[in-house]
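Chemist: What follows is a predicted structure for the sequence shown.
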Amino acid sequence: MEYCFAPLEGITGSVFRCCYDRHFGGIDVYYTPFVTTRDGGIMKKKEKRDILPENNPGLNLVPQIMTNRAHEFIRASEHMEEMGYREVNLNLGCPSGTVVPKGKGAGFLRHPEELDRFLEEIFDGCPIAISIKSRIGFSSPEEFPKLLAIFNRYPVKQLILHLRTRKEMYSGQVHMEAFTYACQNATMPLCYNGDIRTEEDVKRIQDTVGDVKPVSSVMIGRGFLSYPGFVGNPEKKGDYTDRQRVLAFVRDLEEVYSRVLFGETPLLFKMKELWSFLKDSFPDGDQLFRRIKKVRRISEYHRIIDCL
């Protein structure tokens, strides 16, 4: 089974990826949070730093691009090829209210004809392989067969499917019937994404569609944040209830952030954001997170963490 770490904007940057890999390992592919593009295709300096190979040593990394302009996608992919990358990922899944109205991310799914023309242009002009991360529709799962028919027209390296619509955001049950349909009809390799928090979840997915097509790749985001280390190589893997391993990771991450962020406020924001997920690994986690949310000084935060 190939395990992919889903990109989460503002969280899973290069500092987080390297620290996670040191403490837990087991990730076959990391995907970067999406980079934005300009007319020249060049991303912001901060985003470029995040994907520089020297800032991600030893990681198998795939940069993600979000745009609805083909020439920007192609130009950005050329820059990434210059950095040594051989694959880029197109984001058709982001449901953010700041993204969708611009026709980007999951908003692009509302316009399948325009999406088809866009894909034709980028697959014709992109110098490296393209994978796609997509939702199964904008408003309804019934949109998915038409979308898959479009994706099937192109040499997509891998199709990563988050099995909800944009309208559903991250709530409600995933639509397993859509993944079964993809297993029956997709011409490209598939990767499952959505609501994986344990190895039992992975087995359940394999059992559900295994008779149709074996599942060889899964993408996990919030599951790895809430329960870090539930998959990994034998030397690093620990039970995700192993608090000492988790706390060592948290302390290491804070120490690295303290060297690259300026002041206590951004550092506390980063750690509070992580604990909004990580609380699930701890008994009485909600109560713990309420205490962490209230702190205003890093010394207060340390007193809470040191008591765990």
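Modeler: Now that the structure is in, tell me what you want to look at. Numbers count the residues shown, from 1 in each chain.
Chemist: Based on its surroundings, how many neighbours for Arg153?
Modeler: Neighbourhood size, Arg153 [other CB atoms under 10 Å]: 12. Where you see a C-beta, it was placed from the backbone N, CA and C, and this is true even at glycine.
Chemist: what secondary structure does it sit in?
Modeler: The three-state label for Arg153, taken from DSSP: H, G, I helix; E, B strand; the rest coil, comes out as coil.
Chemist: mind listing what it touches?
Modeler: Residues touching Arg153, when contacts are defined by CB atoms under 8 Å, 6 or more residues apart in numbering, comprise 116, 119-120.
Chemist: Same check on Ser14?
Modeler: Neighbours of Ser14 in contact, by CB under 8 Å, 6+ apart: 49-52, 55-56.
Chemist: so of these, which ones are in helices?
Modeler: 49-51 (DSSP state H).
Chemist: I'd like those residues as JSON lines, with pLDDT, neighbour count and distance to Val295 appended.
Modeler: What follows is the ones in helices among the contacts of Ser14, written out as JSON lines (pLDDT from 0 to 100; neighbours: other CB atoms under 10 Å; distance: CB to CB, whole Å):
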{"residue": "Arg49", "pLDDT": "91", "neighbour count": "13", "distance to Val295": "29"}
{"residue": "Asp50", "pLDDT": "94", "neighbour count": "21", "distance to Val295": "27"}
{"residue": "Ile51", "pLDDT": "95", "neighbour count": "22", "distance to Val295": "32"}
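Chemist: Could you export these as CSV, including distance to Phe224?
Modeler: Putting the ones in helices among the contacts of Ser14 into CSV (distance: CB to CB, whole Å) gives the following:
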residue, distance to Phe224
Arg49, 23
Asp50, 18
Ile51, 19
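Chemist: Pro101: how many residues sit nearby?
Modeler: Counted with other CB under 10 Å, the neighbours of Pro101 add up to 9.
Chemist: so it makes contact with Phe108?
Modeler: No. Counting by CB atoms under 8 Å, Pro101 stays clear of Phe108, with 11.7 Å between them.
Chemist: Return the distance of Glu142 relative to Asp286.
Modeler: With distances defined as CB to CB, to the nearest Å, the gap from Glu142 to Asp286 amounts to 37 Å.
Chemist: again, but for Leu267
Modeler: 23 Å.
Chemist: Neighbour count for the two, which is higher?
Modeler: It is Leu267, of Leu267 and Asp286, that has more neighbours when counted by other CB under 10 Å, with 17 against 9.
Chemist: For this structure, which helix extends over the most residues?
Modeler: From DSSP H, the single longest helix across the chain is helix 243-260.
Chemist: Off-centre distance for that helix?
Modeler: The offset between the C-alpha centroid of helix 243-260 and the centroid of the whole chain comes to 21 Å, using CA atoms, centre = their mean, to the nearest Å.
Chemist: Over to stretch 290-303?
Modeler: For stretch 290-303, the distance between its averaged C-alpha position and the chain's averaged C-alpha position is 28 Å (CA atoms, centre = their mean).
Chemist: what comes up buried for it?
Modeler: By neighbour count, and taking 16 or more other CB atoms under 10 Å as the criterion, the buried residues in stretch 290-303 are 292, 295, 298, 301.
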